[in-house]
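# only the shape, not the letters, is given here:
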Ligand code: TMP
């Protein structure tokens, strides 16, 4: 299968503010003539949303958690992401596998080699290699500031109620992942004002040719 769409993911620790830019990113692509499939992980299909509820609310060991997020991902990849990319759409996904390496791997201390195996099973596309986002916007914010932003926002889920040390590990997990795939990751300084953060996001996408690609690639 040839995948001609654009797979764009947003990552960062809880409280980094990534989700508040989804509307603007979607609108910017739509203005460039692209169809956007906006989705999230864990989630994005009825089955994956059911698994999301379990992962975010139930206590479980890190292997169970990893299996559930990858099971949700498999359903999401096969039913939503790959078909959308095959149609040439933009897939705008709030978190993907980098979150598993950051949260289950670095945060919960689970074996990264097992996660890599699961990643290959779930995202393997034969000779085409692994399905990966083309661009990942990494909203980088000090865990202490993220914790202040989260405080009192809403009833915290299982991860949001973790101590700041957990998010320090998650943040370093993202840093390791970003260093290992510098061509894909764009670091966004999420400590700045919302407007400044948006400008970083837009500039990064323009620099990657994301909208130009949209203009030339979206011929009727
Ligand atoms: P969200 O609040 O950004 O929607 O993300 C849901 C939570 O799930 C967030 O705390 C990160 C966590 N998560 C994992 O632990 N592993 C994963 O693979 C994914 C995608 C999310």
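That came through, no problem. Keep in mind that this is a model prediction, so the values were computed, not measured.
# list the buried ones in the helix or strand residue 27 falls within?
Per DSSP states H and E, residue 27 falls inside helix 22-31. Neighbour-count burial for helix 22-31, counted by 16 or more other CB atoms under 10 Å, picks out 22, 25-26, 28-29. The C-beta positions use only the backbone N, C-alpha and C, and glycine is treated the same way.
# for that helix, packing partners?
Here helix 22-31 touches strand 36-40, strand 90-94, helix 194-207, helix 210-217, going by 3 or more CB pairs under 8 Å, 6 or more residues apart in numbering; DSSP states H and E.
# number of nearby residues for residue 134?
Neighbour count of residue 134, defined by other CB atoms under 10 Å: 17.
# for it, give me its contacts.
Residues near residue 134 by CB atoms under 8 Å, 6 or more residues apart in numbering: 6-8, 184.
# quick one, grab the pLDDT at it.
Residue 134 is assigned 97 on the pLDDT scale.
# just residue 50 next, same as before
Note on residue 50: pLDDT of 98.
# which residues does the helix or strand hosting it contact?
Element membership for residue 50, per DSSP H and E: helix 46-57. Contact with helix 46-57 is made by 41-43, 60, 65, 68-69, 71-73, 75-76, 157-159, as judged by CB under 8 Å, 6+ apart.
# among the residues you listed, name the buried ones.
Among the contacts of helix 46-57, the ones that count as buried by 16+ other CB under 10 Å are 41-43, 65, 68-69, 71-73, 75-76, 159.
# and the helices in the chain?
All helices of the chain, identified by DSSP state H, fall at 22-31, 46-57, 62-76, 82-87, 97-100, 112-123, 143-150, 164-180, 194-207, 210-217.
# and the chain, which residues reach the ligand?
14, 40-42, 56, 69, 94-95, 99-100, 103-104, 159 (CB under 6 Å from any ligand atom).
# roughly how far does residue 203 sit from the ligand?
For residue 203, the distance to the ligand (CB to the nearest ligand atom, to the nearest Å) stands at 23 Å.
# please renumber so the chain begins at 48
With the count now opening at 48, the last piece we talked about shows up as residue 250.
# neighbours around that residue, how many?
Neighbour number of residue 250 under other CB under 10 Å is 12.
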